[in-house]
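A.B. asks: return a 3D structure for these sequence lines:
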Amino acid sequence: MPCLELKVAAETPAQPATRLRALLEKPGAAVLRRNYTAEAEGEEDAQFRNRYRVVAVLAVDLSNPPKEAEPPAPVAEPAEGQEPAEPPVRIQEDLDPLLGSFAKGLEIWIADGVRATCVIADADEIPGVLSMFDAYLRLARFQPAFLRLDHRMLGLQYSFREGLTLGVHGAPAPVEATSDGFFEAVSPIAEVDDFRAPSFVVRLPNGCIQHFHHLLSAASGWLDENSYTTILGGK
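C.D. replies: Alright, predicted model coming up:
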């Protein structure tokens with residue numbers, strides 16, 4: 001049966017690759033955050049509860065709160081015979097008044113024995129990973145064809161900007177890496193550790209696929225309903 005695989009890069013990017021991490025690590029900022037720990041059926045299973053956790057996060061910089069966007073200045077009508085004036089180029093901060101002051105996304109906590117790590121993802125990354133799970137559900141819906149597949153050949157994955165690769169993979173068989181016929185023996189799913197740097201890899205049984213999908217959906221729904229306007233409220 002396919003399994004859920006969570007693979008974390010050996011090192012965190014030196015510079016934040018997400019808006020949420022950039023705000024949480026902003027020097028001198030007084031950051032207020034609201035957390036929502038996503039829940040789904042199966043939480044009572046210790047195998048699920050103790051291996052990963054998905055937390056939706058809203059964060060705002062109170063020392064530099066967002067300002068309301070100013071309406072664009074009206075453009076004067078050109079005089080007769082003159083070319084219309086080009087609108088002024090707006091910098092990114094003008095286009096997005098919340099940039100640098102407000103962010104929302106996920107903290108994905110992963111544990112394996114005595115090791116644990118947390119990977120941050122922005123809210124705009126969630127639709128991509130949900131599409132991966134939707135693709136798996138469409139495949140699994142056709143059971144006769146699904147059961148005929150070599151599950152070692154099954155693989156879907158999504159890579160977050162901060163280094164987490166989340167995938168639905170076949171249960172990998174141990175393969176000895178030898179020079180003779182190596183590519184004939186190993187499946188297309190990556191089964192050999194990257195020799196450049198060690199990675200933090202957690203493989204979980206088939207039941208975790210649906211559970212993790214539900215956690216991401218719950219967190220996504222909460223983030224869709226909450227924003228900067230509700231972070232200070234009681235919602």
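A.B. asks: show me what secondary structure element comes after the lowest-mean-pLDDT helix or strand in the chain.
C.D. replies: Scoring the helices and strands of the chain by mean pLDDT, DSSP states H and E places helix 92-95 at the bottom, with a mean of 46. Toward the C-terminal end, the helix or strand that comes next after helix 92-95 (DSSP states H and E) is strand 102-112.
A.B. asks: just the buried residues of that following strand, please?
C.D. replies: 102, 103, 104, 105, 106, 107, 108, 110, 112 (16 or more other Cβ atoms under 10 Å). For glycine as for every other residue, the C-beta is placed from the backbone atoms N, C-alpha and C.
A.B. asks: contacting residues around residue 128?
C.D. replies: Contact partners of residue 128, counting by Cβ atoms under 8 Å, 6 or more residues apart in numbering, are residue 158.
A.B. asks: look up phi and psi at it.
C.D. replies: Dihedral angles of residue 128 (phi, psi; degrees, to the nearest 10) stand at phi -70, psi -40.
A.B. asks: what does residue 8 give?
C.D. replies: phi -110, psi 140.
A.B. asks: check what pLDDT it gets.
C.D. replies: We have a pLDDT of 88 for residue 8.
A.B. asks: kindly provide the distance from it to residue 228.
C.D. replies: 30 Å (Cβ to Cβ, to the nearest Å).
A.B. asks: who's more crowded, the two?
C.D. replies: residue 8 (23 against 17; other Cβ atoms under 10 Å).
A.B. asks: residue 199 is in contact with that one, correct?
C.D. replies: Yes. The criterion here is Cβ atoms under 8 Å, and residue 8 meets it with residue 199 at 6.4 Å.
A.B. asks: buried residues in whichever strand or helix holds residue 222, which are they?
C.D. replies: When elements are assigned from DSSP H and E, residue 222 belongs to helix 207-225. For helix 207-225, a neighbour-count test (16+ other Cβ under 10 Å) marks 208-220, 222-223 as buried.
A.B. asks: quick one, what contacts residue 116?
C.D. replies: 109, 110.
A.B. asks: pLDDT wise, what is residue 103 at?
C.D. replies: Residue 103 is given a pLDDT of 93.
A.B. asks: equivalent analysis for residue 169, please.
C.D. replies: In this model, residue 169 carries a pLDDT of 81.
A.B. asks: so where do the helices sit in this protein?
C.D. replies: Per DSSP state H, the chain carries helices over the ranges 19-24, 46-49, 92-95, 126-141, 143-148, 182-185, 207-225.
A.B. asks: turn these into JSON lines, including distance to residue 160.
C.D. replies: Below are those laid out as JSON lines (distance: least, Cβ to Cβ, whole Å):
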{"stretch": "helix 19-24", "distance to residue 160": "11"}
{"stretch": "helix 46-49", "distance to residue 160": "20"}
{"stretch": "helix 92-95", "distance to residue 160": "22"}
{"stretch": "helix 126-141", "distance to residue 160": "7"}
{"stretch": "helix 143-148", "distance to residue 160": "27"}
{"stretch": "helix 182-185", "distance to residue 160": "28"}
{"stretch": "helix 207-225", "distance to residue 160": "11"}
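A.B. asks: nearest to residue 64, out of those?
C.D. replies: helix 19-24 (10.2 Å; Cβ to Cβ).
A.B. asks: so for that closest one, mean pLDDT?
C.D. replies: 93.
A.B. asks: packing partners of it?
C.D. replies: strand 31-37, strand 52-61, strand 102-112, strand 115-122 (3 or more Cβ pairs under 8 Å, 6 or more residues apart in numbering; DSSP states H and E).
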